[in-house]
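[1] Sequence and predicted model, in that order:
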Amino acid sequence: MPRKRKLYKILTPEPRSRFVKVRCPSCQNEQIVFTHATYPASCLMCGTRLVEPTGGKAKILGEIVRFLD
């Protein structure tokens with residue numbers, strides 16, 4: 001009698017990085033940045049630094065408004 005093979009669900013991996021809407025601490029402008037940024041991002045209105053790359057997950061210096069899907 002042949003053995004039955006179990007079929008497992010193949011799970012697709014989800015990325016750990018996201019896009020985030022960040023509010024600038026000085027001029028209150030909202031801008032979309034990447035959580036794992038490799039380059040520093042500045043505010044488009046006043047030039048204040050919003051994101052500093054750290055080699056992995058970036059350090060977000062502004063206030064996180066919401067995560068985008």
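    That came through, no problem. Owing to the predicted nature of the structure, the values given are computational and were not obtained by experimental measurement.
[2] Provide a list of residue ranges in this structure with pLDDT below threshold.
    Within the chain, the set of residues satisfying pLDDT under 70 comprises 1-2.
[3] Where do the strands of it begin and end?
    Per DSSP state E, the chain carries strands over the ranges 19-23, 30-34, 41-42, 49-52, 59-60, 63-68.
[4] Highest mean neighbour count across these, which stretch is it?
    Comparing these by mean neighbour count (mean count of other Cβ atoms under 10 Å), strand 49-52 ranks first with a mean of 19. Where C-beta positions appear, they are placed from N, C-alpha and C, glycine not excepted.
[5] For the strands of the chain, please prepare a markdown table with the additional fields distance to R5.
    What follows is the strands of the chain, written out as a markdown table (distance: least, Cβ to Cβ, whole Å):
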| stretch | distance to R5 |
| --- | --- |
| strand 19-23 | 41 |
| strand 30-34 | 42 |
| strand 41-42 | 50 |
| strand 49-52 | 48 |
| strand 59-60 | 47 |
| strand 63-68 | 40 |
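[6] Of all those, which one is nearest L7?
    Across the strands of the chain, L7 has its closest neighbour in strand 63-68 (34.3 Å, Cβ to Cβ).
[7] So which elements touch the closest one?
    When contacts are defined as 3 or more Cβ pairs under 8 Å, 6 or more residues apart in numbering; DSSP states H and E, strand 63-68 sits against strand 19-23.
[8] roughly how far out does the strand it packs on sit from the chain middle?
    8 Å (Cα atoms, centre = their mean, to the nearest Å).
[9] now the angle from that strand to strand 63-68?
    Angle, strand 19-23 to strand 63-68, by axes from the mean of the first three to the mean of the last three Cα atoms, to 10 degrees: 150 degrees.
[10] helices and strands around strand 19-23, which ones?
    Secondary elements touching strand 19-23 (3+ Cβ pairs under 8 Å, 6+ apart): strand 30-34, strand 63-68.
[11] same for the first one, what does it pack against?
    Strand 30-34 makes packing contacts with strand 19-23, strand 49-52 when contacts are defined by 3+ Cβ pairs under 8 Å, 6+ apart.
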